[in-house]
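Undergrad: just the structure for this:
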Amino acid sequence: MTDLVVTEEKIIERILTMELVRVTERAAVSSARLRGRGDEKAADQAAVDAMRRELNRLPIHGRVVIGEGERDEAPMLFIGEEVGTKTGPAVDIAVDPLEGTTLCAKDMPGSIAVMAMAQAGTLLNAPDVYMDKIAIGPGYPKGVVDLDASPIENINALAKAKGVKPGEITVLILDRPRHADLISACRKAGAAVRLITDGDVAGVIFTTQPDATGVDLYLGTGGAPEGVLAAGALRCVGGQMQGRLILDSQAKIERAAKMGVKDPKKKYEMRELASGDVIVCATGVTDGALLQGVKFGKNVIETETIIYRSVTGTVRRIRAEHRELAKFKLD
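TA: Now for the predicted structure:
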């Protein structure tokens, strides 16, 4: 049994380097061709098609446990879809082929193509509902913030752990009407609030590099699938995250139950959202604080990708030049 596990880990490590990079690179390039065109669905569909095509070339027996969602009526890599050649190890797949569809359609900063892969059964099979989230980066005592504490309590506790005043803490929150009270509470605590229009996977990841991004704490509700992807990235660098599914109707409770959610009010710790050997890969579509977007030259296409791996804590950045892709209008 030990030899089998080691062998599978070695296989997963091998295919989750350049092979996973190619998956998000192709999705990013395909959607970037539609930047600024105002067509969110077309950009999303281009990313989905490219990501599905590349995933099906990998020597894995993959199952999508986090996919595109019905909430946005988006084209899907649907939950339960099998991908890969079916000849390799069994793995869980989580995808957001184009996080920030609006950002891409309007050519605004921060759109990315992102996915995660892990050993089968180790990613939370989250339904496409909202999730209440809290996240911080590495270097803090365990439990310094808590989803059930008030914003003021969390900001004060984080400031104390960081050795600064609450006024030196910056909280990242999605700019949504539902967050009006949360924003007010954070400002009342003395913290600065940075609002983003979309992209809460990248938003959570911002907390891992507060010196570079200026973000200390992520708060608020966003997509549950995005929460699992973000938790996978945080695990790789030692951050902390908690999440709770928002199942505010009987239909959502029943759907979640069919997907294995036994307690609709459960507060998930980071390792319950993403356990095992997790690798997260993201490629920039538009320029942003996390990644540079796709650059189209006359004879070359440039991309920037970041890869996180939980087992080793490794973070790799890959800047690539694609000459073959540049020969074709569609890749």
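
Undergrad: burial measure for T197, as a count.
TA: By the criterion of other Cβ atoms under 10 Å, T197 has 14 neighbours. All C-beta spots, glycine's among them, are computed from the backbone N, C-alpha and C.

Undergrad: show me what contacts the nearest residue to it once chain neighbours are set aside?
TA: The shortest distance from T197 to any non-neighbouring residue, by Cβ to Cβ, 6 or more residues apart in numbering, is to D175 (5.5 Å). The contact partners of D175, by Cβ atoms under 8 Å, 6 or more residues apart in numbering, come to L195, I196, T197.

Undergrad: equivalent analysis for A116, please.
TA: 66, 93-95, 123, 228-229, 232-233, 274, 278-281.

Undergrad: excluding its backbone neighbours, what's nearest T85?
TA: T85's closest residue in space is P59 (Cβ to Cβ, 6+ apart), at 5.3 Å.

Undergrad: would you agree that neighbour is in contact with V91?
TA: No. Using Cβ atoms under 8 Å, P59 makes no contact with V91, being 10.7 Å away.

Undergrad: give me the more crowded residue out of the two.
TA: Neighbour tally, P59 and V91, criterion other Cβ under 10 Å: the higher count belongs to V91, 29 against 14.

Undergrad: so the more buried one, which of the three states?
TA: Secondary structure, DSSP: H, G, I helix; E, B strand; the rest coil: V91 is strand.

Undergrad: tell me where this structure has strands.
TA: Listed in chain order, the strands of the chain (DSSP state E) span 61-66, 82-83, 90-99, 112-119, 130-136, 170-174, 192-196, 217-223, 240-246, 268-269, 279-284, 295-296, 301-309, 314-322.

Undergrad: and the angle for the fifth one with strand 217-223?
TA: Here strand 130-136 runs at 160 degrees with respect to strand 217-223, directions being taken by axes from the mean of the first three to the mean of the last three Cα atoms, to 10 degrees.

Undergrad: centre of the chain to strand 130-136, how far?
TA: 12 Å (Cα atoms, centre = their mean, to the nearest Å).

Undergrad: counting contacts, what elements does it pack onto?
TA: Here strand 130-136 touches helix 200-206, strand 217-223, helix 224-237, strand 240-246, going by 3 or more Cβ pairs under 8 Å, 6 or more residues apart in numbering; DSSP states H and E.

Undergrad: K142: which of the contacts of D175 is nearest?
TA: I196 (27.1 Å; Cβ to Cβ).

Undergrad: please name the nearest non-neighbouring residue to that closest one.
TA: Excluding its sequence neighbours, the residue lying closest to I196 (Cβ to Cβ, 6+ apart) is G203, at 5.5 Å.

Undergrad: do I have it right that the one you found meets R194?
TA: No. At 9.0 Å, G203 does not count as touching R194 under the criterion of Cβ under 8 Å.

Undergrad: joint contacts of these two?
TA: L172, V215.

Undergrad: quick check: which ranges of the stretch 201-331 of the chain have low pLDDT?
TA: 326-331 (pLDDT under 70).

Undergrad: now do 90
TA: By pLDDT under 90, the low-scoring segments of the stretch 201-331 of the chain are 209, 211-212, 225, 235-238, 255-262, 275-277, 289-290, 298-299, 309-314, 323-331.

Undergrad: contacts only, for the nearest residue to E19 once chain neighbours are set aside.
TA: Nearest in space to E19, with sequence neighbours left out and distances taken as Cβ to Cβ, 6+ apart, is L58 at 5.7 Å. Residues near L58 by Cβ under 8 Å, 6+ apart: I15, E19, V23, V83, G84, T85, G88.

Undergrad: out of everything not next to it in sequence, what's closest to A42?
TA: Closest to A42 by Cβ to Cβ, 6+ apart is L34, at 5.6 Å.

Undergrad: these two touch, right, G80 and I66?
TA: No. Counting by Cβ under 8 Å, G80 sits too far from I66 to count as a contact (11.0 Å).

Undergrad: more neighbours: these two, which one.
TA: I66 (29 against 10).

Undergrad: how close does that one sit to A126?
TA: To A126, I66 is 6 Å away according to Cβ to Cβ, to the nearest Å.

Undergrad: kindly report the same for A27.
TA: Separation of A27 from A126 (Cβ to Cβ): 21 Å.

Undergrad: between the two ends of stretch 294-306, what distance do you get?
TA: End-to-end span of stretch 294-306 (Cα to Cα, to the nearest Å): 13 Å.

Undergrad: swap that for stretch 267-281, please
TA: End-to-end for stretch 267-281, by Cα to Cα: 26 Å.

Undergrad: re earlier: between G203 and R194, who's got more neighbours?
TA: Neighbour totals were compared for G203 and R194, and G203 leads with 27 against 17 (other Cβ under 10 Å).

Undergrad: wait, what's in contact with the residue nearest to T122 when sequence neighbours are not counted?
TA: In space, and not counting its chain neighbours, T122 is closest to G276: 3.1 Å by Cβ to Cβ, 6+ apart. Going by Cβ under 8 Å, 6+ apart, G276 touches A118, Q119, G121, T122, L123, S310.
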